[in-house]
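**Q** whatever this is, show me its structure:
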Amino acid sequence: MKTRFLYIILLLGVVSCQKEMETQVANPSPRFEKINYFKYPINFDTVPFKYRLTYYFDNGKPHRWLESDSLGLVMTDYIYEYDDNWTQIGARYREEGASEFSIEKVRFENDSTMVTEWIDSIGKVYYTMKDNLNKQKKTYRAEFIGDKTHGYDSTFYTKEGFEKRIFFTNTKGKIFNDRRFIYDSLNKYNNWVERKKIMEDTIREIQFREVYYDNRFVSDEGKYYEGILSTGELSENVISFSKDQSVMFLTRTSDWTNQSAFIAHLKNGLLTETVQINELDSIYNGAISPSGNKIIYSVRKDNQEDIYLIEKTDDKWTKKINLSESSGIEGGYFYWLTESKIYFQSTLNEGDIVRAKLENNTLSIEDYLTNLNTEKGTEFSPYVDSNMRYIIFTRYIEGDTSNQGFFISYNENNFDKPKWSIPSKLTMLPYGWSAYVTNSTNQFLYTDGDDIYSVPMEKLKLNIKN
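**A** Prediction:
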């Protein structure tokens, strides 16, 4: 309960800090925003009853918005579709309980009229909305049409362009769902960050809006790509990226041993949808190669962790090879340093980190990394700096909290002949695994077995020279 109260205080603090206005600032476009909806009045144990997340491409166009309940379960998922000129031509959307996306088509009759058509399973239009747009291309009147007109939404705006009043009028002129908004705080870029929703002259909600202009895609809660990569429906277990970070690989599960592999591609500065890799069936964990054309993964069955390799040919994942069959090596939690050098957890000694060589589809261990490993503990999920300056990994020794968490070992020699120091614990981090450094080495990612989290690299206070 104290945590919830502190969360509200934090939001109020953020709003307070953002309240001071700056003049003559070139306003950047938001890349990500999160609205937290609170029932009024707020007290110390209040939590948001709803969230709305919106992601934007690097050209300022919205890519996707999601609304979720207080537990983070998605109620609505809406993905915009554009033509080559970035004019919206439709959308795919999915509502609570639906496994498949429904289709929306969008067209413009002229510069001030947008028509949205909802399409049924056989491709026929079953409902239409006609939006009348103002000079800022915002809807001021929307007509809802089924077999006949059902009514109209009217929207009025403040001088800043924020929604001021919205209500629905039926064909007999009766007004429904009339709500007004009062804006209490703006940030330095003139985006609202706190507002009240009023109905029947009574405050019903207070809404706090987090607005982000960088490419970290992290909310105040610390979740990375909340709703897109970090979902409330399944648990995210491992993550990895191609060298240019245009492709991301991750696994999700509701059953720890049997996980599904997904991939996401960077498009206009944004990791968009995750797509399941059906060719991998059920796996334990895995990682994508620097080129993005190979995936090494493990399958856990009957206390064995067999290692497999799969390659991409003509945009299809094929050529599945059992690497354990020829090498006798088992393990998982991989990290590709190069296309031929892989660090991972072997099944030796309850789990030790090793360095292996992959050549001609054959895996062989080159270094047992004895300084990193313990006799009684489990070491796994390594991340190796591209310049070989350090390794970050996870250690777990049952009953010993000082040996549970992220550890770092520094290279005391050079790139070609590394000499790894005795590891020390990164005490500023909670327990987790699948460490990864991304975003020009500015962002540290990890999972806690449920979601993907992000921490600024400076928080780790690494003792390295650039």
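**Q** report the mean per-residue pLDDT for stretch 158-178.
**A** Averaging pLDDT along stretch 158-178 yields 97.
**Q** try stretch 225-232
**A** On average, stretch 225-232 scores 92.
**Q** chain center to that stretch, what's the gap?
**A** Put simply, stretch 225-232 sits 4 Å off its chain's centre (C-alpha atoms, centre = their mean, to the nearest Å).
**Q** any idea how this structure splits into domains?
**A** 2-212, 235-460 (automatic domain parsing).
**Q** helix, strand or coil for the residue sitting furthest away from the middle of the chain?
**A** What lies farthest from the middle of the chain is residue 172; by C-alpha atoms, centre = their mean that is 45.3 Å. Look at residue 172: counting by DSSP: H, G, I helix; E, B strand; the rest coil, its state is coil.
**Q** a markdown table for the domains of the chain, including distance to residue 223?
**A** Any C-beta I mention is one placed from the backbone N, CA and C, and that applies to glycine too. Output for the domains of the chain, formatted as a markdown table (distance: least, C-beta to C-beta, whole Å):
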| stretch | distance to residue 223 |
| --- | --- |
| domain 2-212 | 9 |
| domain 235-460 | 5 |
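**Q** so which of the ones you listed is nearest residue 226?
**A** Residue 226 lies closest to domain 2-212 among those, at 5.9 Å (C-beta to C-beta).
**Q** gap between the closest one and the chain center?
**A** Worked out by C-alpha atoms, centre = their mean, domain 2-212 lies 20 Å from the chain centre.
**Q** any idea which of the domains of the chain scores lowest on pLDDT?
**A** When those are ranked by mean pLDDT, domain 2-212 comes last with a mean of 90.
**Q** let me see the ranges of the strands in the stretch 301-450 of the chain.
**A** Counting by DSSP state E, counting those that start in this stretch, the stretch 301-450 of the chain has strands at residues 304-313, 316-322, 331-336, 341-346, 352-359, 362-367, 378-384, 390-396, 404-410, 424-425, 433-438, 443-447.
**Q** ok so, going back, so which of the domains of the chain is the most packed in?
**A** Each of the domains of the chain was scored by mean neighbour count; the highest is domain 235-460, a mean of 18, by mean count of other C-beta atoms under 10 Å.
**Q** so what's residue 348 up against?
**A** 354, 368 (C-beta atoms under 8 Å, 6 or more residues apart in numbering).
**Q** and it, how far from residue 152?
**A** Note on residue 348: its distance to residue 152, by C-beta to C-beta, to the nearest Å, is 70 Å.
**Q** equivalent analysis for residue 277, please.
**A** Residue 277 sits at a distance of 46 Å from residue 152 (criterion: C-beta to C-beta).
**Q** just to revisit the earlier point, any chance of the strands of the stretch 301-450 of the chain in a markdown table, with distance to residue 81 too?
**A** Formatted as a markdown table, the strands of the stretch 301-450 of the chain follow (distance: least, C-beta to C-beta, whole Å):
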| stretch | distance to residue 81 |
| --- | --- |
| strand 304-313 | 26 |
| strand 316-322 | 24 |
| strand 331-336 | 34 |
| strand 341-346 | 38 |
| strand 352-359 | 40 |
| strand 362-367 | 43 |
| strand 378-384 | 36 |
| strand 390-396 | 39 |
| strand 404-410 | 40 |
| strand 424-425 | 47 |
| strand 433-438 | 28 |
| strand 443-447 | 29 |
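**Q** which of those sits closest to residue 220?
**A** strand 443-447 (15.5 Å).
**Q** name the helices or strands packed onto the next helix or strand after that closest one?
**A** As assigned by DSSP states H and E, the chain's next helix or strand after strand 443-447 is strand 452-456. Under the contact criterion of 3 or more C-beta pairs under 8 Å, 6 or more residues apart in numbering; DSSP states H and E, strand 452-456 touches strand 443-447.
**Q** pull the CA atoms of the strand it packs on into PDB?
**A** C-alpha atoms of strand 443-447 as PDB (Å, rounded to 0.1, in the frame of the first residue of the first chain):
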ATOM      1  CA  GLN A 443      20.400   1.400 -22.000                       C
ATOM      2  CA  PHE A 444      20.700  -1.800 -19.900                       C
ATOM      3  CA  LEU A 445      17.900  -4.300 -20.400                       C
ATOM      4  CA  TYR A 446      17.000  -7.400 -18.500                       C
ATOM      5  CA  THR A 447      14.100  -9.600 -17.600                       C
END
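**Q** is it true that residue 384 touches residue 337?
**A** Yes. Using C-beta atoms under 8 Å, residue 384 makes contact with residue 337 at a distance of 5.2 Å.
**Q** what touches both of these two?
**A** Common contacts of residue 384 and residue 337 (C-beta under 8 Å, 6+ apart): residue 343.
**Q** ok, residue 143 touching residue 149?
**A** Yes. Residue 143 lies in contact with residue 149 (C-beta under 8 Å); the separation is 6.0 Å.
**Q** let me know the next secondary structure element after the helix or strand where residue 209 lies.
**A** In the assignment (DSSP H and E), residue 209 maps to strand 202-212. As assigned by DSSP H and E, the chain's next helix or strand after strand 202-212 is strand 235-241.
**Q** which residues sit against the following helix or strand past that following strand?
**A** Moving toward the C-terminus from strand 235-241, the next helix or strand (DSSP H and E) is strand 247-255. The contact list for strand 247-255 (C-beta under 8 Å, 6+ apart) reads 229, 231, 234-242, 259-266, 271, 274, 283, 285-288, 292, 295, 452.
**Q** CA-only coordinates of strand 247-255, as CSV, when you get a sec.
**A** Listed next in CSV are the C-alpha coordinates belonging to strand 247-255 (Å, rounded to 0.1, in the frame of the first residue of the first chain):
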residue,chain,number,x,y,z
VAL,A,247,15.9,-7.3,-35.2
MET,A,248,15.0,-8.4,-31.7
PHE,A,249,14.4,-12.0,-30.5
LEU,A,250,12.5,-12.9,-27.4
THR,A,251,10.7,-15.9,-25.8
ARG,A,252,7.4,-15.8,-24.0
THR,A,253,5.7,-18.4,-21.9
SER,A,254,3.0,-19.4,-19.5
ASP,A,255,4.9,-22.7,-18.9
